[in-house]
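# can you look at this prediction? I've put the sequence above it.
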Amino acid sequence: MRKIILSVILITILVLTFISNFIIADNPIPAEAVKFDTGDTAWMIVATAFVLLMTPGLGFFYGGMVGKKNVISTMLQSFMAMVIVTILWTVVAFGLAFGPTIGGIIGNPSYNLFFQGVGTNTAWSLAPTIPFILFALFQAKFAIITPALITGAFAERVRFWAYLLFMVLFILFIYTPLAHMTWHPDGIFFKMGVLDFAGGTVVHMSAGWAALAGAIFLGKRKVQKVNPARITYVLLGTGLLWFGWFGFNAGSALGANGLAAQALGTTTVAAAAAAMAWVFLDKILGHKLSALGACIGAVVGLVAITPAAGFVSISHAIFIGLFSAIVSNLVVSKFPKGKIDDALDVFACHGVGGMVGMLLTGVFASKAINPAVGDNQGLIFGTPTLFLNQLTALVVVSIFAFVASYVLFFIVNKITPLRVTEEKEDLGLDISQHGEFL
């Protein structure tokens, strides 16, 4: 049955792409071509490549943490996100996220099916200095890494084909509405004044809550405590993530400008501060200073600064890094691992880190850093409106992402079992799912 379904998918895409010019009406290009900035365009091409590099970096980061018999499968889950989500984004998901609004919740995909109308002579309204296709491809990299982040929660026990199906449904029904509500000018969160510079809600909170739902739904591994296969992979993955995150955050300025430089600075110091806080707290709590702890701390800092990167000062970015690492470290240590098996602490790091970052954006956002903040500055400047907006978005997104993800896991499991058998779990996913091993 699976062979038939895969054959139908391939044939359908082949046919539709071949005849797309005949069945899909292209959107007209304005008579006067947009004049683009070559510096902005060059930077955004580089930033887009940076963000794509984060996904294989995540593969190394996660792959090094699992047991040796599951390294290949864990890394491949990230790599396949680059494959599947790229096609899905091009065919329909970009339109769902950034097409003309339907009630401020989702976009109308009919305008941009197969990237029709997404060309080199038009521009997105909030990124007028770069080609529309470049904006669309930059946003594709955000969509790619989000479901890949979730995989750390159900590592070492998920069936690969079931994961691919969940990934498609997650992008269509969770990621695209959140992206539209948060980043589209007509989205309900955008119009509320919610600030999310590069994905605290859209990427990290959605992935964190989906990870928690997945860990609960799939249940515990037979053996929860495993020795990491390759700490060196974790170090390499952290380096690639940190490097790529500069495109993630500084690229979200959508131009080569002072705001991009500010986001680069806040990203740098927040990651360093969080790594420092994590290892210091480990020592305070009686643990050794570990490479794994330093890497996790740095990533938590990168997560937490993401929504705030273009809205806060350097000193406040250091605070965000320090505070987020302390909170996430304590959540990791107190998380009920015997009851909920979030294998690689995705919720504690990405979910909690994203929530801390969103709230602290509401505390520290300053119009001196970014005039787009306006008079609704952070709580520290005496105006509570932004903080309350951030809190409202946090609650709504948390409920939506968790409930919707759990429903999607339930649906996928009805279609095809999500979890491998005990025999295949014992054997390891590398051999049982892919016929390969280290």
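Received it, and whenever you're ready, just let me know what you need. Numbering: from 1, shown residues only.
# tell me how far stretch 353-370 lies from the chain's centre.
Centre-to-centre, stretch 353-370 and its host chain are 18 Å apart (CA atoms, centre = their mean, to the nearest Å).
# state the mean pLDDT of it.
When pLDDT is averaged along stretch 353-370, the result is 97.
# for that stretch, output the C-alpha coordinates as PDB.
Output of stretch 353-370 as PDB, limited to C-alpha atoms (Å, rounded to 0.1, in the frame of the first residue of the first chain):
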ATOM      1  CA  GLY A 353      13.400  28.900  26.000                       C
ATOM      2  CA  GLY A 354      11.000  30.200  23.500                       C
ATOM      3  CA  MET A 355       8.400  31.200  26.100                       C
ATOM      4  CA  VAL A 356      11.000  32.900  28.300                       C
ATOM      5  CA  GLY A 357      12.200  34.800  25.200                       C
ATOM      6  CA  MET A 358       8.700  35.900  24.300                       C
ATOM      7  CA  LEU A 359       7.900  37.200  27.700                       C
ATOM      8  CA  LEU A 360      11.300  39.000  28.100                       C
ATOM      9  CA  THR A 361      10.700  40.600  24.700                       C
ATOM     10  CA  GLY A 362       7.600  42.100  26.400                       C
ATOM     11  CA  VAL A 363       9.900  43.300  29.200                       C
ATOM     12  CA  PHE A 364      12.800  44.700  27.300                       C
ATOM     13  CA  ALA A 365      11.700  45.700  23.800                       C
ATOM     14  CA  SER A 366      12.700  49.300  23.100                       C
ATOM     15  CA  LYS A 367      11.800  51.800  20.400                       C
ATOM     16  CA  ALA A 368      15.300  53.200  20.700                       C
ATOM     17  CA  ILE A 369      16.600  49.900  19.300                       C
ATOM     18  CA  ASN A 370      13.800  49.400  16.800                       C
END
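# for the stretch 251-400 of the chain, what spans make up the helices?
For the stretch 251-400 of the chain, helices defined by DSSP state H, counting those that start in this stretch occupy the ranges 258-284, 291-305, 314-334, 346, 352-364, 385-415.
# and for the stretch 101-250 of the chain?
Secondary structure of the stretch 101-250 of the chain (DSSP H, counting those that start in this stretch): helices at 132-150, 160-170, 176-183, 188-192, 206-218, 231-250.
# could you export those as TSV, including mean neighbour count and mean pLDDT?
(Glycine included, C-beta is placed from N, CA and C.) Below are the helices of the stretch 101-250 of the chain laid out as TSV (neighbours: other CB atoms under 10 Å; pLDDT from 0 to 100):
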stretch	mean neighbour count	mean pLDDT
helix 132-150	24	98
helix 160-170	20	97
helix 176-183	26	98
helix 188-192	19	97
helix 206-218	26	97
helix 231-250	22	98
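# out of those, which comes closest to Ser313?
Of all these, helix 231-250 sits nearest to Ser313, with 14.8 Å by CB to CB.
# now the closest one against helix 291-305, angle please.
10 degrees (axes from the mean of the first three to the mean of the last three CA atoms, to 10 degrees).
# check which helices and strands helix 231-250 sits against.
Judged by 3 or more CB pairs under 8 Å, 6 or more residues apart in numbering; DSSP states H and E, helix 231-250 is in contact with helix 38-63, helix 258-284, helix 291-305.
# deepest-packed of these, please.
Highest mean neighbour count of the helices and strands packed on helix 231-250: helix 291-305, a mean of 28 (counted as mean count of other CB atoms under 10 Å).
# pLDDT on that one, on average?
Helix 291-305 carries an average pLDDT of 98.
# hey, C-alpha coordinates of stretch 316-333 in PDB?
Once non-C-alpha atoms are left out, stretch 316-333 reads as follows in PDB (Å, rounded to 0.1, in the frame of the first residue of the first chain):
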ATOM      1  CA  HIS A 316      19.400  43.100  28.000                       C
ATOM      2  CA  ALA A 317      20.300  40.300  25.600                       C
ATOM      3  CA  ILE A 318      22.900  39.100  28.100                       C
ATOM      4  CA  PHE A 319      20.200  39.100  30.800                       C
ATOM      5  CA  ILE A 320      17.900  37.100  28.500                       C
ATOM      6  CA  GLY A 321      20.700  34.500  27.900                       C
ATOM      7  CA  LEU A 322      21.500  34.200  31.500                       C
ATOM      8  CA  PHE A 323      18.000  34.000  32.700                       C
ATOM      9  CA  SER A 324      16.800  31.500  30.000                       C
ATOM     10  CA  ALA A 325      19.600  29.100  30.700                       C
ATOM     11  CA  ILE A 326      18.900  29.100  34.500                       C
ATOM     12  CA  VAL A 327      15.200  28.500  33.900                       C
ATOM     13  CA  SER A 328      15.700  25.800  31.300                       C
ATOM     14  CA  ASN A 329      18.400  24.100  33.400                       C
ATOM     15  CA  LEU A 330      16.100  23.900  36.300                       C
ATOM     16  CA  VAL A 331      13.200  22.600  34.200                       C
ATOM     17  CA  VAL A 332      15.500  19.900  32.800                       C
ATOM     18  CA  SER A 333      16.500  18.800  36.300                       C
END
